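Sequence and computational prediction follow.
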Amino acid sequence: MASNYPKIWQNVKLVKTKITGEMEEYASKIVGIEENDIFLLETPIKQTQLVLLINGSVVNMIYMHENLGMYSVDLEVVEKIRDDNNIPLVRAKKVSDIRKIQRRNFFRLLTSMDIAVRKINGVVVENTKTVDISGGGIRLLSKQDFEINDIVRLDFQLESKEFSVDAKVVKIDYTDVRGTKEVSLQFIDILEKDRNEIIRFIFDKQREGIKKGMFSNE
């Protein structure tokens, strides 16, 4: 089995393409792997309702490997079943090669958390809040006069892990609040293990939120 092969019990995303060409994302989990590349997946939930995946349809499964990054693989839905505890599952078979996902395709999580912005010389410029986070960068609120390509250091914490990452300003948007801007920053020279920790955090939070009805996967 290849080193980048999905693992049982890991959180995944299922991406379905609608007839209109629009893509919908759903959180799920691998609960079993059978012979001939057959996966047993938790049936995804959207707005507290089970998502209908039609037999024969193809979905793209996206998952993260702890050390190698993010990957995707196409699965064909074989059947819907229920396990011994009456939990609805989807049986799907692998119908494509495993592909590594490029960094530009990182998922974003809307989240407001504390973050300190420092100049590279260590001087704290601002203590503020984030707007969202991805494996590639952070968007935050700021009252500072940043310019495109400015380099800063970001200090923040995800659960119990602390991060200190250099980032470059790539976009500045003005908000309705006077003097406040949304500043998008791209991580630079981030350790791959730190990036994977961020991606894992996003996957876990999105899956938790969908189960609680906080996110609709729309």
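That came through fine.

which residue is nearest the centroid of this protein?
Nearest to the mean C-alpha position of the chain, counting by CA atoms, centre = their mean, stands F107 at 4.0 Å.

okay but that one is in contact with I202, surely?
Yes: with contact taken as CB atoms under 8 Å, F107 and I202 are classed as touching, separated by 5.9 Å. No exception for glycine: its C-beta is placed from N, CA and C like everyone else's.

which residues do the two both contact?
When CB atoms under 8 Å, 6 or more residues apart in numbering defines a contact, the residues bordering F107 and I202 alike are S134, G135.

neighbouring strands for the helix or strand where Y71 lies, and are they parallel or not?
Counting by DSSP states H and E, the element that carries Y71 is strand 69-82. For strand 69-82, sheet partners with direction are given as strand 58-65 (antiparallel), strand 88-94 (antiparallel), strand 99-100 (antiparallel), following DSSP bridges.

Using CSV, write out every CA atom in the longest one.
Extracted as CSV, the C-alpha positions of strand 58-65 are listed here (Å, rounded to 0.1, in the frame of the first residue of the first chain):
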residue,chain,number,x,y,z
VAL,A,58,-18.4,9.9,-8.5
VAL,A,59,-17.2,12.1,-5.7
ASN,A,60,-13.7,13.4,-5.0
MET,A,61,-12.3,12.5,-1.6
ILE,A,62,-9.8,14.9,-0.1
TYR,A,63,-7.7,13.9,2.8
MET,A,64,-4.5,14.9,4.6
HIS,A,65,-1.4,12.8,5.2
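
List the buried residues in it.
V59, N60, M61, I62, Y63, M64, H65 (16 or more other CB atoms under 10 Å).

and the last one, how far is that from L109?
Separation of H65 from L109 (CB to CB, to the nearest Å): 19 Å.

Of the buried residues of strand 58-65, which pair is most distant in space?
V59 and H65 (19.2 Å; CB to CB).

what about the chain, any weak spots by pLDDT?
Applying pLDDT under 70 to the predicted model, the residue ranges of the chain that meet it are 1, 20-21, 66-68, 102-106, 121-122, 207-218.

quick one: the helices in it?
Taking DSSP state H as the test, the helices found in the chain are 192-211.

Check what contacts stretch 22-32 and list those residues.
Where contact means CB under 8 Å, 6+ apart, the residues beyond stretch 22-32 that reach it are 6-18, 39-46, 51, 61, 63, 83, 89-90, 107, 203, 206-207, 210-211, 217-218.

Adding distance to V177, write the strands paired with strand 69-82 out as JSON lines.
Formatted as JSON lines, the entries for these read as follows, by distance: least, CB to CB, whole Å:
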{"stretch": "strand 58-65", "distance to V177": "35"}
{"stretch": "strand 88-94", "distance to V177": "44"}
{"stretch": "strand 99-100", "distance to V177": "40"}
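
mind checking which of these is nearest V183?
Among these, strand 58-65 comes nearest to V183, with 26.7 Å by CB to CB.

tell me how far the closest one is from the chain's mean position?
Between the centre of strand 58-65 and the centre of its host chain there is 11 Å, according to CA atoms, centre = their mean, to the nearest Å.
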